[in-house]
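S.K.: pasting the sequence and the predicted coordinates here, then a few questions.
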Amino acid sequence: MAKLLFEIFNLIAIATVISIPFLNTKGRGILTLSMIAALTGISSVLALSVFVNGPAEFIYGGSWITGKIPIRIDYLSVWFMLIINFTFLTGAWYGFRYMKKYIAQTDNIALHVIAFLLVYTTLNDICMIQNGIVVLVVWEIMALSSFIVIIFEHYKKETLKAGINFLIQSHVCILFLTIAFMWVKIKTGSFDFAAITDFTTSQPVISGIGLFVFFFFGFAIKAGFVPFHTWLPLAHPAAPAHISGIMSGVIIKIGIYGILRVLMLIKTDMVTIGYFILFISVITGVYGVMLAIVQHNLKKLLAYHSIENIGIIGIGIGLGCLGLGYENQLLAVAGFGGALLHTLNHSLFKSLLFFGAGNVYLIKHNLTIEALGGLIKRIPHTAYLFLIGSLAICGLPPFNGFISEFFIYSGLFKGLSSDLFLFILAMLFSILGLVLIGGLALICFTKAFGIVFLGIPRENNKPQIQNSKFKIQNSELSTEANEHEDMVVEKARNVLPLYLIAAAIIFIGLFPFLLIQPLTKIIALYVPRMTPDVYSQIQDLLKNLTTIGWFSFGFVALSALIYFVRSYFVSRHKHSADATWGCGYTGETQKMQYTASSFIRTYRKLAELLLLIKKQKKDATGLYPGLIKRETHPGDWIETLLIDKPLIHFRKLLRRFRFLQNGNIQAYILYGFIFISLAVMLPVIIDKIAIIIKFLNHL
Amino acid sequence: MVSLVLIILTSLFFTGIVVRTKSIASGRKGPGIFQPMKDIIRLWKKGSVYSTTTSFIFQIAPSIYIASVLMAILMIPHGNHPGIISFEGDFVMFAYVLALGKFLMIISALDTGSSFEGMGASREALYSMLVEPAFFILIGSFALFTGQTSFHGIFSSLHYGSHISYMLGGLATFVFIFIAMIENSRMPVDDPKTHLELTMVHEVMILDNSGFDLGLIMYTTHLKFAMYGAIISNFFIGVLPLEISIPLFFAVQICFAVVVGIIESFIARFRLGHNPQFIFILTSVSLLIFFGVLLVLGKFI
């Protein structure tokens, strides 16, 4: 049954990809949407059947290169498949509407939908296939097709640049994974994932950790752990909104899947690995959100937030590993449970936020936070959905983000009762990190939501004072067109996928206990023999979650009650509308508003020591000061240090060999010839050298 | 249940005591201790003006704000008597529910499109972010000390220890007083009585609120004070029976209010730029408490 579904799934995907060239643009869109729906259906049936009937496993013969290709679908795969399915379904639905304005670019769209389908299919396959080399091939297809979907607007220079950055970093990721799989293959002679377990049990502990580090680096690039995060803030703003949402929701999560999968297989010193992951994750989380606050581009801000959330997931994973290492099963449960749940939650609210940002882009054609404002009046549905996403991502109750953070918190606080000093310090460090992440996220999203959607429009805030008159006229002329655009963006069938996600967010926030059953099944993969004591403690956690659910209900009800009482009282008394109080100032208020930069100025002053913020300012001087200008460009010193600087040096080195690139076609053919002959001759040359060495030894 | 009733009772006169202390300290007779509550009731009976810039967020934020504080109060125990809701890790929920209320207040300030309110919102967001670590480390230290992870568990097993626990309670009281001062935007960090909007934090955020909403926000401040007072009183109540603990509760609350009044009378407001440093002090004191607990438990290296 599972095998049949797996084959049907892949065959349908291939058939759809092949048939796309034969359709017109509209047909392509409809086919993609319907096929994604069908495929998510099949894949979800497969996933649910595993949840009901237990893990499925079947083996294909493969070839002499790959060896046997086992397909194993266990609870972990299923969890990620369901996340991928939901995000892709809503993403494809949203994207179908979002892409309408690009409908003239027929060829571009054809390529886009093909790549989109491939990304979806390969992501699902990666969760199921358990053969190193096949996974690498599928992974490569996934990376290439993600590259294509990202550079949809490739005629923009920045998009292409970001895309190439993504492409290169994806291949560094694949390089690490290839080395890791090769290492296992050399030592055990098999590409099967099960060989990783053999490897770690047969080899010394240090190579086990080394192997994990290779895997971790590879997957961390995909997931966006600091310091491997640098592609994320570039790629997300460049991609179309539905792709950004999907990328942040699931493509980077495949890295998390990889780490979780490897952790399940590796049997080595979990304590070291746990501390390692925990440390990197706390740094990732805090650094991500610290940089997110100072961003000027809404999508870039969200991208840095993805890094932050990867950090939170990582804290969970690290805690889980420490739990395994110290044989504290409760910690393992809280850690892995929190990480898995946060993976789901993040995919929900982050895709919602990106789709919301996409709607903003559709009507304003601009994502610079400073230039936006007052959108809640134009696109109220999007605004409230964005608010739900913001509250959820800050981890506030009664939304889903709180549940997963609560899981991790309860693990961390339980961990404090340990006897090991180092471990307690690690817990303290993580609690501090998580608290800071929460507080900073609050600043960040009050800024993002408050400036973008509230107040009055700020478009004339930009320093083009000379043109402002013309611009105002222009915008007055287009008011009608604007209203039409708003209507389209807010049409029920366009915001429905967003409502679907929001419903899921609230559902998890109010009924968290429903997720315990599947989560315990996955966690049981890591903690195979749960002691009855731990089991009862998990039941306690379940009871806590039930209480939290009721509490959240109570909170919503109480808020509603107070609001109605208040509305009753307000309506009984005289109430009127007037301009915002300006301390007696009644002139133009648009420029008087607080901007995003001024909102975070106090924070920026504090954080400047840790962040790289390039500032340019022209102060007012003289009796008749001209235009005053201030610019801040948030930089990323990890990127500068780790990528930009080495690249500059590397380029300097390569410049020495510029003479080789002489533009002479004959010379290039010669190079090719030399390379091929070297490649062919290499074994022979090595043999000869070996003979010479042997000969020398005999002397 | 006990604590809910007690906290609501305290909230009726708490700020009155603060105001009275301040007036006595400055040589005036001052209003009665129920005057602030009467002011609020007066506000509840008034009409309101809403800015044309604002949206629904501005309307609902005060209601959610007070709901968040009320829900947080439900979790506060009274010595041996758990709060209405008590579960392991409830203090995480406590902090996050309060944060939700704050989030709504901040965006409702931004909703008015006023530069003053944006300024207040910006400061409020930063300060409340900086306070969080102090709270969590403090509770973490007590979790470590008692081996419990709920408000009720921590407070009911706090006093079985040696005299050291009283010392820790004292330090924690210090930190909590200042957390309460910051969260309520009182003196060393913010001056609610200042005449200049540029120097306010909380008051400037609610410039555009009027009538019933303003009353709700003011009352929420009182509730918050009483809530922090209840937490502080829990450091001293322990497992005492109700007939002793309830008078003790009020005694602690009144002491707390008097202390707040005295602090406000004799300390000038800090420069706004220095506030973060001050708030960091709280975090470091909490860290001291944490390591002190580790020392006491013999887990330090």
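M.R.: On my side now, so go ahead. Numbering: from 1, shown residues only, chains lettered A, B, ... in the order given.

S.K.: okay, CA-based contacts and neighbour counts for the rest of this
M.R.: OK.

S.K.: now do the contacts for residue B:132.
M.R.: Listed by C-alpha atoms under 8 Å, 6 or more residues apart in numbering or on different chains, the contact set of residue B:132 reads A:435-436, A:439, B:95.

S.K.: go on, residue A:348?
M.R.: Contact partners of residue A:348, counting by C-alpha under 8 Å, 6+ apart, are A:87, A:249, A:501-502, A:504-505.

S.K.: circling back to that earlier point, wait, which of the contacts of residue B:132 is closest to residue A:669?
M.R.: For the contacts of residue B:132, the closest approach to residue A:669 (C-alpha to C-alpha) belongs to residue A:436, at 58.3 Å.

S.K.: count of neighbours near residue 96?
M.R.: Using chain A. Using other C-alpha atoms under 10 Å in any protein chain shown, residue A:96 has 18 neighbouring residues.

S.K.: wrong chain, I was asking about chain B
M.R.: So residue B:96, with other C-alpha under 10 Å, has 25 neighbours.

S.K.: give me the phi and psi for the nearest residue to it once chain neighbours are set aside.
M.R.: In space, and not counting its chain neighbours, residue B:96 is closest to residue A:396: 5.6 Å by C-alpha to C-alpha, 6 or more residues apart in numbering or on different chains. Here is the backbone geometry of residue A:396 (degrees, to the nearest 10): phi -90, psi 140.

S.K.: for the spatially most central residue of chain B, give me its contacts.
M.R.: Nearest to the geometric centre of chain B sits residue B:180, at 3.5 Å (C-alpha atoms, centre = their mean). Going by C-alpha under 8 Å, 6+ apart, residue B:180 touches B:224-225, B:228.

S.K.: against residue A:137, how distant is it?
M.R.: Distance, residue B:180 to residue A:137, by C-alpha to C-alpha, to the nearest Å: 58 Å.

S.K.: I figured residue A:411 was touching residue A:329, is that so?
M.R.: No. Between residue A:411 and residue A:329 there is no contact under C-alpha atoms under 8 Å: 10.4 Å.

S.K.: quick check: which ranges of the chain have low pLDDT?
M.R.: All of this refers to chain A. A:459-483, A:485, A:587-589 (pLDDT under 70).

S.K.: switch to chain B, please.
M.R.: In chain B, residues with pLDDT under 70: B:159-162, B:301.

S.K.: with adjacent residues omitted, what lies nearest to residue B:64?
M.R.: In space, residue B:64 is closest to residue A:559, 5.1 Å off (C-alpha to C-alpha, 6+ apart).

S.K.: pull the number of nearby residues for that neighbour.
M.R.: 23.

S.K.: that one contacts residue B:69, correct?
M.R.: No. Between residue A:559 and residue B:69 there is no contact under C-alpha under 8 Å: 10.6 Å.

S.K.: which parts of the chain are strands?
M.R.: As the question left the chain open, I've gone with chain A. A:56-60, A:69-73, A:575-578, A:612-618, A:629-635 (DSSP state E).

S.K.: other chain: chain B
M.R.: Secondary structure of chain B (DSSP E): strands at B:48-51.

S.K.: for the stretch 151-300 of chain A, which segments count as helices?
M.R.: A:157-188, A:194-202, A:205-223, A:232-238, A:241-246, A:253-265, A:270-293, A:298-325 (DSSP state H, counting those that start in this stretch).

S.K.: just the stretch 51-200 of chain B next, same as before
M.R.: For the stretch 51-200 of chain B, the helices defined by DSSP H, counting those that start in this stretch cover B:56-74, B:90-111, B:115-146, B:151-156, B:164-183.

S.K.: next, format those as TSV and append distance to residue A:227.
M.R.: What follows is these, written out as TSV (distance: least, C-alpha to C-alpha, whole Å):
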stretch	distance to residue A:227
helix B:56-74	38
helix B:90-111	29
helix B:115-146	25
helix B:151-156	38
helix B:164-183	35
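
S.K.: right, so of those, which gets closest to residue A:415?
M.R.: Nearest to residue A:415 among those is helix B:115-146 (9.1 Å), distances taken as C-alpha to C-alpha.

S.K.: and the angle from that closest one to helix B:90-111?
M.R.: 180 degrees (axes from the mean of the first three to the mean of the last three C-alpha atoms, to 10 degrees).

S.K.: OK, contacts around the spatially most central residue of chain A?
M.R.: By C-alpha atoms, centre = their mean, chain A has its centre lying nearest to residue A:248, at 2.8 Å. Counting by C-alpha under 8 Å, 6+ apart, residue A:248 touches A:236, A:303, A:306, A:347, A:350-351.

S.K.: now for these: which two are most distant?
M.R.: A:236 and A:347 (14.4 Å).

S.K.: count the neighbours of the closest residue to residue A:444 other than its chain neighbours for me.
M.R.: Using C-alpha to C-alpha, 6+ apart and skipping residues adjacent in sequence, the residue nearest residue A:444 is residue A:293, 4.8 Å away. Residues lying near residue A:293 (other C-alpha under 10 Å) number 27.

S.K.: my read: residue A:293 touches residue A:439, true?
M.R.: No. Look at residue A:293 against residue A:439 with C-alpha under 8 Å: they stay out of range, at 11.3 Å.

S.K.: before we move on, back to that, now the contacts of residue B:132 as a markdown table including neighbour count?
M.R.: As requested, the contacts of residue B:132 are arranged in a markdown table below (neighbours: other C-alpha atoms under 10 Å in any protein chain shown):
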| residue | neighbour count |
| --- | --- |
| A:435 | 26 |
| A:436 | 22 |
| A:439 | 25 |
| B:95 | 16 |
